[in-house]
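>>> Give the three-dimensional model of this entry:
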Amino acid sequence: MKLKSAIIINLLSLLLVISGCGDSHTTPKKESSSSIKEFTCYSNSVKDTFYITVQLPLNYEKEPKKRYPVVLLTDANFYFPMLAPIVHQYEKGGLLPPLILVGVGYKSFELMNSLRVRDYLYPQAIPSDEMKAPGGGQRYYQFITNDLLPKIDSNYRTEMNTRTLLGHSFGGYFSLFAFQQQMSGKRNDFKGFVSASPSLWYNNNYLFKLPDQLKRTLLKDTVSVFLSVGSFETPKEWTIQPVENMAKQLDNKHISKLKLSTIVYNDLDHMDVGLISFIRGMEKMYAKPAQ
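Below you'll find the predicted structure:
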């Protein structure tokens, strides 16, 4: 048990730095380039302020009538500075369509660990988790769906039916939890979920109720899930095996309209999996139909 906690604590010690959303408390911040917008957003559900960074497509201003898919990125303080230029470079090379990348982050690196534990997990941690987590995932989900997404849609030219959610580790857990909440609420906020190295061991495998729920729920539209893990992640019983088991349960003939992609990356450890999964997941979500 202590090993699995050490994995998370060690990797989370490395993560995140800045960002901000907006309701009536929105405060614009400086723009680092013409395609980057930054602002803060206070959440009534979480009772805290988030830092949101938005990267617009390269030709956003030149094509004023065009609308774009939205990709929402958790752990943005860490991942946004790496992923944003890749998204633009892939756009230039025709490997991805033009996308609006939205990063959700926190005020500082120092605050990141406790706040992401607060926000990404649900329900409250149990003793076997050997960690303290209040289980704020539902409140964070409400912030994303009720506050942030409408704000993004009102300020930018978005395609509301092509959103994708990206998450790694605890963020990967939240990505699948958001899918579960979306089904429970009969919502359609996201069409794609990337879950990289999700912490499926949390709360006695709580998220393994997802496959059974999918069997009982008729999805209106096709939903894509990209599930990944690294072959060097340890201990395997807490990292690789749960992902493989989840994939097997999701790959079920009784689950309709679920497009599942699963990969175990050779020679990759936990912290290597996030960025490559986001890129591959977006390629899967937005691949052009075969001619």
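>>> pLDDT on the helix or strand that I152 is a member of, on average?
I152 is located in helix 149-155, with elements delineated by DSSP states H and E. Per-residue pLDDT over helix 149-155 has a mean of 98.
>>> do stretch 95-111 as well
Regarding stretch 95-111, the rounded mean pLDDT is 94.
>>> residues touching S224, list them.
Listed by Cβ atoms under 8 Å, 6 or more residues apart in numbering, the contact partners of S224 are 164, 191-193, 258-261, 284-285. The way it works is simple: take the backbone N, C-alpha and C, and place the C-beta from them, glycine included.
>>> neighbouring strands for the next helix or strand after the helix holding I152, and are they parallel or not?
As assigned by DSSP H and E, the chain's next helix or strand after helix 149-155 is strand 164-168. For strand 164-168, the paired strands and their directions (DSSP bridges) are strand 70-73 (parallel), strand 192-196 (parallel).
>>> Just name the most buried of those.
Highest mean neighbour count among the strands paired with strand 164-168 (mean count of other Cβ atoms under 10 Å): strand 192-196, with a mean of 28.
>>> other SSEs contacting the host helix or strand of Y79?
Using DSSP H and E, Y79 sits within helix 76-93. If you count contacts as 3 or more Cβ pairs under 8 Å, 6 or more residues apart in numbering; DSSP states H and E, helix 76-93 packs onto strand 48-55, strand 70-73, strand 100-105, helix 109-120, helix 270-285.
>>> Which one of those has the poorest average confidence?
helix 109-120 (a mean of 90).
>>> just checking, what packs against that one?
Using 3+ Cβ pairs under 8 Å, 6+ apart, the elements in contact with helix 109-120 are helix 2-12, helix 76-93, helix 137-142, helix 170-184.
>>> between the ones you listed, which gets nearest to I152?
Closest approach to I152 among the helices and strands packed on helix 109-120 is made by helix 76-93 (13.4 Å; Cβ to Cβ).
>>> what is the orientation angle of the closest one with strand 164-168?
Between the axes of helix 76-93 and strand 164-168, defined by axes from the mean of the first three to the mean of the last three Cα atoms, to 10 degrees, the angle is 130 degrees.
>>> So for helix 76-93, what gets flagged as buried?
Within helix 76-93, the residues that qualify as buried are 76-80, 83-84, 86-88, 90-91, counting by 16 or more other Cβ atoms under 10 Å.
>>> ok, which pair from those residues is furthest apart?
The widest separation within the buried residues of helix 76-93 (Cβ to Cβ) is 22.9 Å, between N77 and E91.
>>> one step back: from the contacts of S224, which is closest to A247?
Checking the contacts of S224 against A247 with Cβ to Cβ, the nearest one is L260 at 6.9 Å.
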